[in-house]
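Colleague: got a predicted model here, sequence first, then my questions.
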Amino acid sequence: MASFSLSDLEATIRERARSGDPDSWTAKLFATGMDKAAQKLGEEAVETVIAAVKGDTKAVISESADLLYHWLVVLAIAGVSLEDVLGELEQRTGRSGVAEKASRSQPG
Ligand SMILES: N=c1c2ncn([C@@H]3O[C@H](COP(=O)(O)OP(=O)(O)OP(=O)(O)O)[C@@H](O)[C@H]3O)c2ncn1[C@@H]1O[C@H](COP(=O)(O)O)[C@@H](O)[C@H]1O
């Protein structure tokens with residue numbers, strides 16, 4: 001089990017964004033803004049999908065790592081914390097996705 005934490009990566013991203021370091025990809029993404037960061041997130045999502053459909057396990061892992069990193073960058077630019085998303089997921093715990101979808105189509 002990896003000891004790496006998404007929360008630590010979120011903290012690193014915030015620190016690198018503030019640094020303005022010209023060698024920092026994170027700082028570059030923050031400087032170019034949401035459109036570019038969101039575009040990168042979309043590209044990484046598509047690359048992950050392609051790897052999954054191909055059954056390329058190594059690429060699924062690598063592209064998923066790219067995806068999660070760029071997702072955290074987009075969250076940070078959007079002013080949303082990892083904690084906010086985890087809280088939303090926590091609220092959904094134990095609620096079947098099928099039942100939730102069905103409840104959305106109920107009138108009223
Ligand atoms: N996890 C990552 C991470 N994952 C991907 N990337 C960078 O994201 C960039 C874009 O990735 P792409 O795969 O799209 O690369 P590309 O050059 O566009 O190539 P194509 O696939 O489009 O052909 C590359 O420069 C990657 O190095 C990352 N950059 C940084 N981090 C983390 O953020 C920390 C701070 O990084 P800096 O901000 O760069 O100091 C690092 O220590 C890491 O922990």
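Modeller: Everything's here; your move. Quick caveat, the model's predicted, so the values are computed rather than measured. Numbers count the residues shown, from 1 in each chain.
Colleague: for the ligand, what are the nearby residues on this structure?
Modeller: Leu9, Thr12, Arg16, Ser24, Trp25, Thr26, Ala27, Asp66, Tyr69 (Cβ under 6 Å from any ligand atom). The C-beta positions use only the backbone N, C-alpha and C, and glycine is treated the same way.
Colleague: again, 5 Å this time
Modeller: Residues of the chain lying close to the ligand (Cβ under 5 Å from any ligand atom) are Arg16, Ser24, Trp25, Thr26, Asp66, Tyr69.
Colleague: chain center to the helix or strand harbouring the first one: distance?
Modeller: To tie it back to what came earlier, the one meant is Arg16. For Arg16, the host element (DSSP states H and E) is helix 6-19. Distance of helix 6-19 from its chain centroid, counting by Cα atoms, centre = their mean, to the nearest Å, is 13 Å.
Colleague: buried residues, whatever helix or strand comes next after that helix. List them.
Modeller: Reading on from helix 6-19 to the C-terminus, the next helix or strand found by DSSP H and E is helix 25-32. For helix 25-32, burial by neighbour count (16 or more other Cβ atoms under 10 Å) applies to Thr26, Ala27, Lys28, Leu29, Phe30.
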